[in-house]
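*Asks:* need coordinates for the following:
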Amino acid sequence: MKTRKRTIILVCWLVAMLLTGTGCTRQKQAVTTGGVLMEESTAPWTKVVETSCKIQGFGKPVGTVKETLLETADSWEVTFSIDEEMTQTMVDGYAQAVWRACEMRSGEANRSGSGSRYDSMEEAEKRQEPLNYYIWYYRAGEETFRLGLYPTNMETGVPGGLVLRIERWA
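*Replies:* Residues are numbered from 1 along each chain as shown. Prediction:
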C-alpha cells in the first residue's frame, strides 16, 4: 500500500510538472500509459546502443541511480540500479517507452518469438502475462535484434533494478 501511494504521488507530481512547464526542462521525459516516465540518459551506453543496435531514443527509468553497460560479442546489457521499489508498473512503463523507440527504428510493429506481429504494446502485454518481463524483436535494415527487459531479481536474484538486453538475432 505504501509503495502504491508513493508511486501515485510521484506520477501526479511528474504530470503536474509536465502540464505546468515548470521544473527541470533539461531532461526529456515521455509519459507512458503505464504511468512511469523514461528520462533522457547522458550515460555512454546510449551512444554504444545507438551505433551497435541502430536504434535511438533509449533513456533510463525514473529513479535510476546507476547505469552499467556489459558488452559482449553481439550482445549489449544495460543494468539500471533504481532507488525505488521495483514494481510491475515501472517495468511496464519503461517497456512502453522502449517499445516506441524500437517501432520507430523498424518502421513496423515489433514481433514475438513465434514471428507474430504485435499491433500495440497493450497486445504484447496481453500475450506475455503474467508479465514481469518483456521479449520482442525489431528490425534495423536487414538485421534483426532481440530485446529483453527484465527486473534484476529475475535475472540475477538481486532486487532493485532493471536489465535491458539487446542481442543480434539470426
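*Asks:* next up, phi/psi of residue 45, please.
*Replies:* For residue 45, the backbone dihedrals are phi -60, psi -30 (criterion: degrees, to the nearest 10).
*Asks:* how many other residues sit next to it?
*Replies:* Other residues within reach of residue 45 by the criterion other Cβ atoms under 10 Å amount to 21. Backbone N, C-alpha and C define where each C-beta goes, glycine included.
*Asks:* cool, and the one 3 residues further on?
*Replies:* Taking other Cβ under 10 Å as the neighbour definition, residue 48 ends up with a count of 14.
*Asks:* contacting residues around the one helix or strand it maps to?
*Replies:* Using DSSP states H and E, residue 48 sits in helix 45-52. For helix 45-52, contacts defined as Cβ atoms under 8 Å, 6 or more residues apart in numbering pick out 55, 56, 58, 59, 67, 68, 69, 71, 76, 78, 166.
*Asks:* tell me which two of those sit farthest apart.
*Replies:* Using Cβ to Cβ, the pair of those lying farthest apart is 56 and 68, separated by 20.3 Å.
*Asks:* now do stretch 150-167, average pLDDT.
*Replies:* Stretch 150-167 shows a mean pLDDT of 86.
*Asks:* now residue 78, nearest residue through space, not along the chain?
*Replies:* residue 164 (4.5 Å; Cβ to Cβ, 6 or more residues apart in numbering).
*Asks:* quick check: the one you found vs residue 142, distance?
*Replies:* Counting by Cβ to Cβ, to the nearest Å, the gap between residue 164 and residue 142 amounts to 23 Å.
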